[in-house]
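Asker: sequence plus predicted model, see below.
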Amino acid sequence: MFYQTEAKPQNWRAVAVFDDRSDLLVYLGRSSTQVRANFVQAFFEVLDEEERENVRSISLQHWHGAADAGRWLHQTNLTVPARAKLARTA
């Protein structure tokens, strides 16, 4: 039997942390640089207006451990995007 595995796993993610609900994955990538470069656009695509208003912070996390036995470790907080920043980058 052959199992399909990823050659380079997705090891970094940006997660929206809310005051009133569970955390929500915003972006998943192979490097912190890739996540930092793309999470702002994903923030506006993934979350609706009400959700964006309730985001307390954006957590940059890194996977630590084996692919099937590990955990996400918090690295730093990213700046919560504002609509004006997206307009300037577009």
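Answerer: Nice, thanks for sending it over.
Asker: what comes up buried for the top helix by length along the chain?
Answerer: In the chain, assigned by DSSP state H, the helix with the most residues is helix 32-46. If you call a residue buried by 16 or more other Cβ atoms under 10 Å, then helix 32-46 has these buried ones: S32, V35, R36, F39, V40, A42, F43, V46. Yep, even glycine has a C-beta here, placed from its N, CA and C like the rest.
Asker: any chance of the residues you listed in CSV, with pLDDT and distance to W12 too?
Answerer: Listed next are the buried residues of helix 32-46 as CSV, based on pLDDT from 0 to 100; distance: Cβ to Cβ, whole Å:
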residue, pLDDT, distance to W12
S32, 95, 5
V35, 97, 5
R36, 97, 9
F39, 97, 10
V40, 96, 15
A42, 96, 13
F43, 97, 15
V46, 95, 16
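Asker: returning to what we had before: so which elements touch the longest helix of the chain?
Answerer: Applying 3 or more Cβ pairs under 8 Å, 6 or more residues apart in numbering; DSSP states H and E, we find helix 32-46 packed against strand 12-18, strand 24-29, strand 55-66, strand 69-78, helix 83-89.
Asker: show me how far the second one is from its chain's centre.
Answerer: Put plainly, it is strand 24-29. Centre-to-centre, strand 24-29 and its host chain are 3 Å apart (Cα atoms, centre = their mean, to the nearest Å).
Asker: what does the third one give?
Answerer: Centroid separation for strand 55-66 versus its chain: 7 Å, with Cα atoms, centre = their mean.
Asker: just give the closest residue to the residue nearest the centre of the chain, not the sequence neighbours.
Answerer: In the chain, the residue lying closest to the centroid (Cα atoms, centre = their mean) is A14, at 1.7 Å. With sequence-adjacent residues excluded and distances taken as Cβ to Cβ, 6 or more residues apart in numbering, A14 is closest to F39, at 4.0 Å.
Asker: done for today, thanks.
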